[in-house]
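1. Sequence and predicted structure below; questions after.
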Amino acid sequence: GGESTRPGAEPVSADEELDRVIPVIKALRKHLGDRFFISVDTYKSVVAKAALEEGADIVNDISGMSFDPEMAKVVAKYDCPVIINHIKGTPKDMQTGDIYYDDVVYDIVEFFKKQIKWGLENSIRPDRFIIDPGIGFGKRVEHNVEIIKRLSEFRILGLPILIGISRKSFLNVILKNLLTKKDIPPKDRLYASLGATAYAVLNGAHIVRVHDVKETAEFLTILDTIRGYRVE
């Protein structure tokens, strides 16, 4: 990702984003080979196109293809998976003002249906969609908790579910209010991240986006083994 999408972040130009992203993709492919997927985090079609040409495999669009109408055409042309992330507002303003949902899960499902329909109309294959409810992208603490608690309801769409919980600020709010009475910096939110991630995986998450890869991999390996999802 060449542009921060944290709450309050200012956007950057496509040229700046390209300058940041393309050299990294080239270096990864050159030095580490092709035995893994590279996901480019961008909502700009010109950046996605350049990244895919240089070796990226997946487009992770935080706007779910709603910011740039050309994104669907790029995804269709390169026949790559696309992560449809839900967001309310933009990164700069998504956590300000009155954030309201009639029913947060229902509203997100309807957004997914609309954007997937848009993608299909632009020739994206049905098996190329991955959905991400967008924890922290225009949601209050209670919305994030509700999404994780009801994550299984997104199975109605029949698509892989991705979720990014790691180190999110809502974890800090919960712990500060109920336990620590003081802020916990992002790097110290591992245990909170693992607790919420476990619940999400048990409720149907197929892919998790994390910072602490080793710790999360070990944690989920044990969880999946006990569930009977892994065998030697």
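-> That came through fine.
2. Can you show me the helices along the chain?
-> Using DSSP state H, the helices of the chain run over residues 14-32, 45-53, 71-78, 104-121, 141-149, 169-175, 190-202, 213-227.
3. H86: which of the ones you listed is closest?
-> Across those, H86 has its closest neighbour in helix 104-121 (4.7 Å, C-beta to C-beta). Glycine gets a C-beta too; all of them are placed from N, C-alpha and C.
4. If we go by neighbour counts, what in the closest one is buried?
-> 104-105, 108-109, 111-112, 115-116, 118-119 (16 or more other C-beta atoms under 10 Å).
5. ok, back up a step: out of the helices of the chain, which gets nearest to D183?
-> helix 169-175 (6.0 Å).
6. And for that closest one, what's in contact with it?
-> Residues outside helix 169-175 that contact it (C-beta atoms under 8 Å, 6 or more residues apart in numbering): 7, 135-136, 139-141, 144-145, 165, 183-184, 186, 189, 192-193, 196.
7. now those: which count as buried?
-> 7, 135-136, 139-141, 144-145, 165, 184, 189, 192-193, 196.
8. between those residues, which is nearest E215?
-> Closest approach between the buried ones among the contacts of helix 169-175 and E215, by C-beta to C-beta: S193, at 8.9 Å.
9. right, and that closest one touches S166 too?
-> Yes. The criterion here is C-beta atoms under 8 Å, and S193 meets it with S166 at 4.6 Å.
10. any residues in contact with both of the two?
-> 210-212, 216.
11. And G138, how close does it get to Q95?
-> Distance from G138 to Q95, counting by C-beta to C-beta, to the nearest Å: 7 Å.
12. cool, D61 as well?
-> 19 Å.
13. now do S63
-> 16 Å.
14. Looking at those two now, which is surrounded by more residues?
-> Per other C-beta atoms under 10 Å, whichever of S63 and Q95 has more neighbours is S63, with 21 against 18.
15. For the more buried one, give me its contacts.
-> 43, 85, 87.
16. 6 Å - rerun?
-> Listed by C-beta atoms under 6 Å, 6 or more residues apart in numbering, the contact partners of S63 are 43, 87.
17. before we move on, what about the one 4 residues further on?
-> Applying C-beta under 6 Å, 6+ apart, one finds that F67 lies in contact with Y43.
18. Show the pLDDT at it.
-> In this model, F67 is scored at 97, pLDDT.
19. From K44, how far off is it?
-> 8 Å.
20. show me where pLDDT drops low in this structure?
-> 230-232 (pLDDT under 70).
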